[in-house]
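In: got a structure for you, letters missing:
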């Protein structure tokens, strides 16, 4: 089993998509509606370090930028570059950043005299944040362009995939589908929502828990390379239920419980209002314990307020 001490959500995502089968299955579902265009056996890891000046007003020091996963493969005889980048927050500079990445790569290819043609690039932004990413997906989103000039404008766009909205039925590989379904259920707080008895690679289950901030709720997963997803979810649910049975003896524990509840509510509701945050701050430990035990029944802020008021 993997060691989780040094794993972050970003490194967990990189570890998962470093598997060629998972990378190809996810990309095919995202880009080609499930059609098997990218073949895992043809993927080649691509060195994607790029030096660029981040801020020449401070120094001319080159800093390394690295996209999470980049692979090279042929599509109908044409070599293409595909990359997956995890993003947990809405980045207003994402289009600019990826335009920069891609242009730097094209310039790098151009310097290689062996290249008769440049290899096209396609980047999937794997978004795992709680809020809905509604705008700033194209370069034109940043600009006011006169109507008469729109047809001449060279637009740039990102391919954004929100993990919460992925149609997993298009994913052919079983383990890739289980991984994404596990993330979706964890984000919903619906730990009892998977009724099928399906086997999931244990490392992938842990990666999903790290990405969703749920790792601390897993208690003593059984030995072996696979875990029953329903059993894993139930252990996670039980771990969270047990949190409600612990009576804090210090202000530190009370603050920890508030923090845990806030995170879980943000996962379930997407965001919480300032009013609700204040109510949680003022709530007694007894009320917080009751809320914890009823977390799976929460569907909106009104449900929370009925418990803690």
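Out: Okay, I see it. Keep in mind the model is a prediction, meaning the values are calculated, not measured. Numbering: from 1, shown residues only.
In: give the contact list for the residue most central in space within the chain.
Out: The C-alpha lying nearest the average C-alpha coordinate of the chain belongs to residue 128 (Cα atoms, centre = their mean; 3.0 Å). Contact analysis of residue 128 by Cβ atoms under 8 Å, 6 or more residues apart in numbering lists 9, 13, 86-88, 163, 183, 211-212. Heads up, the C-betas are built off the backbone N, CA and C, glycines and all.
In: now the residues you listed: which count as buried?
Out: Using 16 or more other Cβ atoms under 10 Å as the burial test, those include 9, 13, 86-87, 163, 183, 211-212 as buried.
In: Among those, which lie within strands?
Out: Within the buried ones among the contacts of residue 128, residues falling in strands by DSSP state E are 86-87.
In: Which helix or strand in the protein has the lowest average pLDDT?
Out: Lowest on mean pLDDT, DSSP states H and E among the helices and strands of the chain sits strand 49-53, with a mean of 44.
In: Buried residues, stretch 17-32. List them.
Out: For stretch 17-32, by 16+ other Cβ under 10 Å, it's 17, 19-31.
In: Looking at those, which two lie furthest apart in space?
Out: 19 and 31 (17.8 Å; Cβ to Cβ).
In: who touches the nearest residue to residue 27 once chain neighbours are set aside in this structure?
Out: Leaving out its chain neighbours, the residue that sits closest to residue 27 by Cβ to Cβ, 6 or more residues apart in numbering is residue 38, at 5.2 Å. Residue 38 makes contact with 23-24, 27-28, 31-32, 73, 75, 82, according to Cβ under 8 Å, 6+ apart.
In: give me that answer again for 6 Å
Out: Neighbour list for residue 38: 24, 27-28 [criterion: Cβ atoms under 6 Å, 6 or more residues apart in numbering].
In: circling back to that earlier point, kindly list the main-chain dihedrals of the residue nearest to the centre of the chain?
Out: Torsion angles at residue 128 (phi, psi; degrees, to the nearest 10) stand at phi -120, psi 10.
In: I'd like the distance between it and residue 84.
Out: 12 Å (Cβ to Cβ, to the nearest Å).
In: roughly how far is the helix or strand in which residue 125 is found from the heart of the chain?
Out: Residue 125 is part of strand 121-127 when elements are defined by DSSP states H and E. Mean-position distance between strand 121-127 and its chain equals 12 Å (Cα atoms, centre = their mean, to the nearest Å).
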